[in-house]
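1. Okay, here's the prediction I keep looking at, along with the sequence it came from:
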Amino acid sequence: MTNKLFYKFSSTIFRNAILIAALFFYSNSFSQNADIHWLRCINQPIHPNLDKAMKFTSNSVTPMIIGVPIGFLAYDLMSHSTIEEKRKPIVMLCALGTTSVITFGLKYTVNRERPFVTYPDIIKRSDAGSKSFPSGHTSSAFALATSVSLCYPKWYVIAPAYMWAFTVGYSRMRLGVHYPTDVIVGAIIGAGCAWASWEMNNYLLKRQ
(Lines give C-alpha, C1' and ligand atoms only; values in the text may rest on other atoms or scores of the structure.)
Protein backbone atom coordinates (compact mmCIF):
# COMPACT_ATOMS: atom_id res chain seq x y z
CA MET A 1 0.00 0.00 0.00
CA THR A 2 2.83 2.37 0.90
CA ASN A 3 4.59 1.66 -2.40
CA LYS A 4 1.40 2.31 -4.34
CA LEU A 5 0.84 5.61 -2.54
CA PHE A 6 4.46 6.64 -3.12
CA TYR A 7 4.16 5.79 -6.82
CA LYS A 8 0.92 7.77 -7.07
CA PHE A 9 2.40 10.88 -5.48
CA SER A 10 5.68 10.56 -7.42
CA SER A 11 3.92 10.28 -10.77
CA THR A 12 1.68 13.25 -9.95
CA ILE A 13 4.63 15.41 -8.91
CA PHE A 14 6.54 14.35 -12.05
CA ARG A 15 3.63 15.26 -14.33
CA ASN A 16 3.16 18.61 -12.60
CA ALA A 17 6.90 19.33 -12.83
CA ILE A 18 6.82 18.71 -16.58
CA LEU A 19 3.78 20.96 -16.95
CA ILE A 20 5.38 23.74 -14.90
CA ALA A 21 8.61 23.51 -16.91
CA ALA A 22 6.68 23.55 -20.19
CA LEU A 23 4.69 26.60 -19.14
CA PHE A 24 7.80 28.45 -18.04
CA PHE A 25 9.67 27.74 -21.27
CA TYR A 26 6.55 28.79 -23.16
CA SER A 27 6.47 32.09 -21.28
CA ASN A 28 10.16 32.69 -21.99
CA SER A 29 9.89 31.79 -25.67
CA PHE A 30 6.76 33.84 -26.32
CA SER A 31 7.05 36.62 -23.76
CA GLN A 32 7.11 39.15 -26.60
CA ASN A 33 3.84 37.74 -27.89
CA ALA A 34 1.20 35.78 -25.98
CA ASP A 35 2.27 36.28 -22.36
CA ILE A 36 2.89 40.02 -22.52
CA HIS A 37 0.02 40.56 -24.97
CA TRP A 38 -2.57 39.15 -22.55
CA LEU A 39 -0.99 40.97 -19.63
CA ARG A 40 -1.27 44.29 -21.46
CA CYS A 41 -4.91 43.60 -22.30
CA ILE A 42 -5.67 43.00 -18.62
CA ASN A 43 -3.38 45.64 -17.10
CA GLN A 44 -3.55 48.77 -19.19
CA PRO A 45 -7.20 49.93 -19.43
CA ILE A 46 -7.85 52.54 -16.73
CA HIS A 47 -10.68 51.62 -14.31
CA PRO A 48 -10.18 53.24 -10.87
CA ASN A 49 -13.05 51.35 -9.18
CA LEU A 50 -11.84 48.02 -10.58
CA ASP A 51 -8.32 48.76 -9.37
CA LYS A 52 -9.57 49.41 -5.83
CA ALA A 53 -11.48 46.13 -5.86
CA MET A 54 -8.46 44.22 -7.18
CA LYS A 55 -6.17 45.70 -4.51
CA PHE A 56 -8.66 44.69 -1.83
CA THR A 57 -8.91 41.15 -3.25
CA SER A 58 -5.14 40.80 -3.52
CA ASN A 59 -4.63 42.07 0.04
CA SER A 60 -7.24 39.62 1.34
CA VAL A 61 -5.00 36.59 0.74
CA THR A 62 -2.89 36.82 3.91
CA PRO A 63 -5.80 37.25 6.36
CA MET A 64 -7.77 34.53 4.54
CA ILE A 65 -5.04 31.86 4.61
CA ILE A 66 -4.50 32.55 8.32
CA GLY A 67 -8.06 33.18 9.44
CA VAL A 68 -9.97 30.44 7.59
CA PRO A 69 -8.02 27.40 8.91
CA ILE A 70 -7.87 28.85 12.43
CA GLY A 71 -11.58 29.67 12.32
CA PHE A 72 -12.49 26.12 11.28
CA LEU A 73 -10.16 24.69 13.93
CA ALA A 74 -11.69 26.85 16.68
CA TYR A 75 -15.18 25.83 15.60
CA ASP A 76 -14.29 22.12 15.59
CA LEU A 77 -12.73 22.35 19.05
CA MET A 78 -15.72 24.15 20.54
CA SER A 79 -18.30 21.89 18.89
CA HIS A 80 -16.67 18.63 20.03
CA SER A 81 -16.27 17.39 16.45
CA THR A 82 -14.82 14.03 15.49
CA ILE A 83 -11.08 13.54 15.06
CA GLU A 84 -11.60 13.42 11.29
CA GLU A 85 -13.31 16.83 11.34
CA LYS A 86 -10.63 18.32 13.59
CA ARG A 87 -7.92 17.20 11.17
CA LYS A 88 -9.41 19.12 8.24
CA PRO A 89 -8.00 22.54 9.27
CA ILE A 90 -4.61 20.85 9.77
CA VAL A 91 -4.85 19.56 6.19
CA MET A 92 -5.45 23.15 5.03
CA LEU A 93 -2.41 24.42 6.94
CA CYS A 94 -0.23 21.60 5.55
CA ALA A 95 -1.36 22.42 2.02
CA LEU A 96 -0.60 26.11 2.50
CA GLY A 97 2.80 25.37 4.04
CA THR A 98 3.81 23.02 1.24
CA THR A 99 2.59 25.52 -1.35
CA SER A 100 4.70 28.30 0.17
CA VAL A 101 7.86 26.18 0.20
CA ILE A 102 7.47 25.12 -3.44
CA THR A 103 6.44 28.60 -4.61
CA PHE A 104 9.31 30.47 -3.01
CA GLY A 105 11.76 27.75 -3.99
CA LEU A 106 10.77 28.22 -7.63
CA LYS A 107 10.86 32.01 -7.33
CA TYR A 108 14.53 32.05 -6.42
CA THR A 109 15.42 29.16 -8.72
CA VAL A 110 13.82 30.61 -11.85
CA ASN A 111 14.60 34.23 -10.87
CA ARG A 112 12.15 35.84 -13.29
CA GLU A 113 11.86 39.62 -13.16
CA ARG A 114 8.51 41.28 -12.53
CA PRO A 115 6.71 42.39 -15.72
CA PHE A 116 6.83 46.10 -14.84
CA VAL A 117 10.64 45.81 -14.60
CA THR A 118 11.03 44.25 -18.05
CA TYR A 119 8.25 46.24 -19.74
CA PRO A 120 8.01 49.90 -18.64
CA ASP A 121 4.55 50.27 -20.19
CA ILE A 122 3.07 47.82 -17.65
CA ILE A 123 1.32 49.83 -14.93
CA LYS A 124 2.44 48.83 -11.44
CA ARG A 125 -0.53 49.27 -9.11
CA SER A 126 0.71 47.32 -6.09
CA ASP A 127 3.86 46.62 -4.13
CA ALA A 128 5.82 43.54 -5.21
CA GLY A 129 8.67 41.99 -3.28
CA SER A 130 10.27 38.77 -4.47
CA LYS A 131 10.62 37.42 -8.00
CA SER A 132 7.72 36.91 -10.38
CA PHE A 133 7.47 33.19 -11.24
CA PRO A 134 5.19 31.74 -9.92
CA SER A 135 2.53 33.91 -8.26
CA GLY A 136 2.60 33.36 -4.50
CA HIS A 137 -0.77 35.04 -3.93
CA THR A 138 -2.39 32.83 -6.54
CA SER A 139 -0.80 29.60 -5.30
CA SER A 140 -1.92 30.33 -1.73
CA ALA A 141 -5.43 31.27 -2.85
CA PHE A 142 -5.87 28.06 -4.85
CA ALA A 143 -4.36 25.96 -2.06
CA LEU A 144 -6.93 27.37 0.35
CA ALA A 145 -9.85 27.15 -2.11
CA THR A 146 -9.04 23.55 -3.05
CA SER A 147 -8.48 22.48 0.56
CA VAL A 148 -11.76 24.02 1.70
CA SER A 149 -13.61 22.45 -1.25
CA LEU A 150 -12.19 18.99 -0.51
CA CYS A 151 -12.86 19.23 3.23
CA TYR A 152 -16.36 20.67 2.85
CA PRO A 153 -17.66 19.58 -0.58
CA LYS A 154 -20.80 21.71 -0.76
CA TRP A 155 -21.63 23.92 -3.73
CA TYR A 156 -22.08 26.96 -1.48
CA VAL A 157 -18.50 26.42 -0.26
CA ILE A 158 -16.85 25.44 -3.56
CA ALA A 159 -18.36 28.21 -5.72
CA PRO A 160 -17.32 31.23 -3.60
CA ALA A 161 -13.96 29.65 -2.73
CA TYR A 162 -12.91 29.25 -6.35
CA MET A 163 -14.50 32.54 -7.40
CA TRP A 164 -12.28 34.25 -4.84
CA ALA A 165 -9.18 32.30 -5.95
CA PHE A 166 -9.72 33.12 -9.63
CA THR A 167 -10.27 36.78 -8.76
CA VAL A 168 -6.99 36.80 -6.81
CA GLY A 169 -5.19 35.43 -9.87
CA TYR A 170 -6.79 38.06 -12.11
CA SER A 171 -5.94 40.81 -9.62
CA ARG A 172 -2.23 39.99 -9.74
CA MET A 173 -2.23 40.61 -13.50
CA ARG A 174 -4.47 43.65 -13.26
CA LEU A 175 -2.10 45.17 -10.71
CA GLY A 176 0.82 44.58 -13.09
CA VAL A 177 2.91 42.38 -10.80
CA HIS A 178 2.58 38.99 -12.56
CA TYR A 179 2.47 37.48 -16.04
CA PRO A 180 -0.42 35.14 -16.99
CA THR A 181 1.93 32.15 -16.83
CA ASP A 182 2.95 33.13 -13.29
CA VAL A 183 -0.71 32.96 -12.31
CA ILE A 184 -1.45 29.70 -14.17
CA VAL A 185 1.48 27.88 -12.61
CA GLY A 186 0.67 29.32 -9.19
CA ALA A 187 -2.85 27.92 -9.46
CA ILE A 188 -1.51 24.49 -10.44
CA ILE A 189 0.92 24.42 -7.51
CA GLY A 190 -1.70 25.50 -4.97
CA ALA A 191 -4.38 23.08 -6.14
CA GLY A 192 -1.85 20.24 -6.48
CA CYS A 193 -0.46 20.69 -2.97
CA ALA A 194 -3.98 20.82 -1.53
CA TRP A 195 -4.93 17.60 -3.30
CA ALA A 196 -1.73 15.86 -2.16
CA SER A 197 -2.31 16.92 1.47
CA TRP A 198 -5.91 15.69 1.31
CA GLU A 199 -4.89 12.30 -0.14
CA MET A 200 -2.16 11.88 2.45
CA ASN A 201 -4.63 12.65 5.25
CA ASN A 202 -7.07 10.05 3.87
CA TYR A 203 -4.28 7.49 3.73
CA LEU A 204 -3.28 8.17 7.35
CA LEU A 205 -6.90 7.92 8.49
CA LYS A 206 -7.25 4.52 6.81
CA ARG A 207 -4.03 3.31 8.46
CA GLN A 208 -5.38 4.34 11.86
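-> Sure thing, it's come through.

2. List the buried residues of stretch 99-108.
-> 99-100, 102-103, 106-107 (16 or more other CB atoms under 10 Å). (C-beta placed from N, C-alpha, C; glycine too.)

3. okay, those residues in TSV with pLDDT, distance to residue 197 and secondary structure next?
-> Listed next are the buried residues of stretch 99-108 as TSV, based on pLDDT from 0 to 100; distance: CB to CB, whole Å; DSSP: H, G, I helix; E, B strand; the rest coil:
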residue	pLDDT	distance to residue 197	secondary structure
99	94	9	helix
100	93	13	helix
102	92	12	helix
103	93	15	helix
106	91	18	helix
107	91	21	helix
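
4. export those residues to a markdown table and tack on distance to residue 182?
-> Shown next, in a markdown table, are the buried residues of stretch 99-108 (distance: CB to CB, whole Å):
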| residue | distance to residue 182 |
| --- | --- |
| 99 | 14 |
| 100 | 16 |
| 102 | 14 |
| 103 | 10 |
| 106 | 10 |
| 107 | 10 |
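
5. Residue 159: which of those is nearest?
-> residue 99 (21.6 Å; CB to CB).

6. surely that closest one meets residue 187?
-> No. Counting by CB atoms under 8 Å, residue 99 does not reach residue 187; the two are 10.6 Å apart.

7. For the spatially most central residue of the chain, give me the pLDDT.
-> Centroid-nearest residue in the chain: residue 139, 1.5 Å away (criterion: CA atoms, centre = their mean). On the pLDDT scale, residue 139 is placed at 96.

8. Kindly report the same for the one 5 residues further on.
-> In the prediction, the pLDDT value recorded for residue 144 is 95.

9. State the distance from the residue nearest to the centre of the chain to residue 96.
-> The spacing between residue 139 and residue 96, counted by CB to CB, to the nearest Å, is 9 Å.

10. go on, residue 145?
-> Distance from residue 145 to residue 96, by CB to CB: 11 Å.

11. before we move on, the earlier item: what residues do residue 99 and residue 187 have in common as contacts?
-> Common contacts of residue 99 and residue 187 (CB atoms under 8 Å, 6 or more residues apart in numbering): residue 139.

12. which one is residue 162 nearest to, not counting chain neighbours?
-> residue 145 (5.1 Å; CB to CB, 6 or more residues apart in numbering).

13. Just the terminal-to-terminal distance for stretch 174-187.
-> Terminal residues of stretch 174-187 lie 16 Å apart, using CA to CA, to the nearest Å.

14. heads up, I number from 350, so please use that
-> With 350 as the first residue, the last one maps to stretch 523-536.

15. Name the residues of it that are buried.
-> So stretch 523-536, judged by 16+ other CB under 10 Å, has buried residues 523-536.

16. again with stretch 544-551
-> Buried, per 16+ other CB under 10 Å, within stretch 544-551: 544-550.

17. how about the residues you listed, which pair is most distant?
-> 544 and 550, at 10.8 Å, using CB to CB across the buried residues of stretch 544-551.

18. ranges for the helices of the protein?
-> 351-378, 385-392, 397-408, 410-427, 432-459, 464-467, 485-500, 504-523, 529-556 (DSSP state H).

19. so residue 525 touches residue 389, yeah?
-> No. Applying CB under 8 Å as the test, residue 525 and residue 389 come out as separate, 9.8 Å apart.
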